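> curious how this folds, go ahead:
(2 chains)
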Amino acid sequence: EDQVTQSPEALRLQEGESSSLNCSYTVSGLRGLFWYRQDPGKGPEFLFTLYSAGEEKEKERLKATLTKKESFLHITAPKPEDSATYLCAVRRGPGANNLFFGTGTRLTVIP
Amino acid sequence: ETGVTQSPTHLIKTRGQQVTLRCSSQSGHNTVSWYQQALGQGPQFIFQYYREEENGRGNFPPRFSGLQFPNYSSELNVNALELDDSALYLCASSSGLAGAYNEQFFGPGTRLTVL
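The predicted model follows:
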């Protein structure tokens, strides 16, 4: 059975304290792993797509990496405005068009 | 470039009623997917529409139905509402052929409360 597990469920960081969020997946025929950021009561905001093991992508203080079993979202020197829930999702294939989401990591960055 | 828009923002209904939610896709996008997000959970796939045809469905009963129009906007209809249908309903649009590995961009969602 396909599974996406995110850890930790919640994370509190001091401003400037770097850390990593984990997304472990078991899926038949991965056709992309996606990271989204979601603020309370709003829709998810697209961050990154990773397609193959070893791939890395960066955007400002965020860096996403992918292995055959998991993905990490590294946050370097976070700021309070980085506080949000970070969602990981996989697209299964072949023939599957939907995203299968984990339950997210709720990040709080304290000034 | 206009992003994904959804209406209404909030909605309160009673058990047994019917509801219609609306979504306008991002300019240039021809595929719309609908998701249900319960509090504290990740979004769950309901169904996807590509060129006005349903193109994949998640584990939701037939009382969840949808439409896509020639301008690629979409509706989600839910009949015989149940208390567990209370959730944030998200619409996401993407471009290209159905099944293509393109990113999905989400709208702000419709918060549905069933009393």
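> elements contacting the lowest-mean-pLDDT helix or strand in chain B?
Taking mean pLDDT, DSSP states H and E as the measure, the helices and strands of chain B show their lowest mean at strand B:53-57, namely a mean of 89. Strand B:53-57 sits against strand B:44-50, with contacts defined as 3 or more C-beta pairs under 8 Å, 6 or more residues apart in numbering or on different chains; DSSP states H and E. Glycine gets a C-beta too; all of them are placed from N, C-alpha and C.
> gap between the two ends of stretch A:21-37?
Taking C-alpha to C-alpha, to the nearest Å, stretch A:21-37 runs 12 Å from one end to the other.
> buried ones in it?
By neighbour count, with 16 or more other C-beta atoms under 10 Å in any protein chain shown as the criterion, the buried positions of stretch A:21-37 are A:Leu21, A:Cys23, A:Tyr25, A:Val27, A:Leu30, A:Arg31, A:Gly32, A:Leu33, A:Phe34, A:Trp35, A:Tyr36, A:Arg37.
> phi, psi of the fifth one?
To tie it back to what came earlier, the one meant is A:Leu30. Phi and psi for A:Leu30, reported as degrees, to the nearest 10, are phi -60, psi 130.
> once you drop chain neighbours, what's closest to it?
A:Val90 (6.0 Å; C-beta to C-beta, 6 or more residues apart in numbering or on different chains).
> quick one: that neighbour and A:Tyr25 touch, right?
Yes. A:Val90 sits in contact with A:Tyr25 when judged by C-beta atoms under 8 Å, with a separation of 5.3 Å.
> any common contacting residues for those two?
For the pair A:Val90 and A:Tyr25, residues contacting each of them under the criterion C-beta atoms under 8 Å, 6 or more residues apart in numbering or on different chains are A:Asp2, A:Val4, A:Leu33.
> now tabulate these in JSON lines and tack on secondary structure, pLDDT and distance to chain B.
As requested, the shared contacts of A:Val90 and A:Tyr25 are exported to JSON lines (DSSP: H, G, I helix; E, B strand; the rest coil; pLDDT from 0 to 100; distance: C-beta to the nearest C-beta, whole Å):
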{"residue": "A:Asp2", "secondary structure": "coil", "pLDDT": "81", "distance to chain B": "12"}
{"residue": "A:Val4", "secondary structure": "strand", "pLDDT": "95", "distance to chain B": "8"}
{"residue": "A:Leu33", "secondary structure": "strand", "pLDDT": "94", "distance to chain B": "11"}
